[in-house]
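Chemist: predicted model and sequence below, questions to follow.
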Amino acid sequence: MDNMQVRIGDEYINILKELSETLHSSRSEVIRRVMKEGIKDLRMKIAMEKYLDEEFSLCRAAEFADVSIQQMAKYLAQKGIPFFKQSIEETMKDAKEAEGWLSDEDIN
């Protein structure tokens, strides 16, 4: 494990002290926990932004965020972002067309 030196304002020092007392942990452990959670949250937000900008597919966004596709879809849904980019009407039209293909195959 590498060491890192970071300058932190007094308000954050007080928060870290309070958290370490509440969690009965060292400040270093609290900082590691905050970083881990913060990095996960940041990766989810970046994945969502790239998904919205159509740089990432749902699958790629999930991979980037290191979560399952279902977890990524749920996260997007919680943010009010549809993870299906096709309307219900378009999906129904595609389903009817696919049914036609199946019945055409039965004839041949």
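Modeler: Nice, thanks for sending it over. Numbering: from 1, shown residues only.

Chemist: and residue 95, how far from residue 4?
Modeler: 54 Å (Cβ to Cβ, to the nearest Å). C-beta here means a position set from N, CA and C on the backbone, and glycine is covered the same way.

Chemist: then residue 20?
Modeler: 18 Å.

Chemist: ok, residue 95 and residue 4, which is more surrounded?
Modeler: Neighbour count, other Cβ atoms under 10 Å: between residue 95 and residue 4, residue 95 has more, with 10 against 7.

Chemist: tell me which element that one is part of?
Modeler: Using DSSP states H and E, residue 95 sits in helix 88-107.

Chemist: now do that helix: which elements does it pack against?
Modeler: Taking 3 or more Cβ pairs under 8 Å, 6 or more residues apart in numbering; DSSP states H and E as contact, there are no helices or strands that helix 88-107 lies on.

Chemist: how about the helix of greatest length in the chain: buried residues?
Modeler: What stands out as the longest helix in the chain, according to DSSP state H, is helix 27-52. Residues of helix 27-52 classed as buried under the neighbour-count rule (16 or more other Cβ atoms under 10 Å) are 30-31, 44, 47-48, 50-51.
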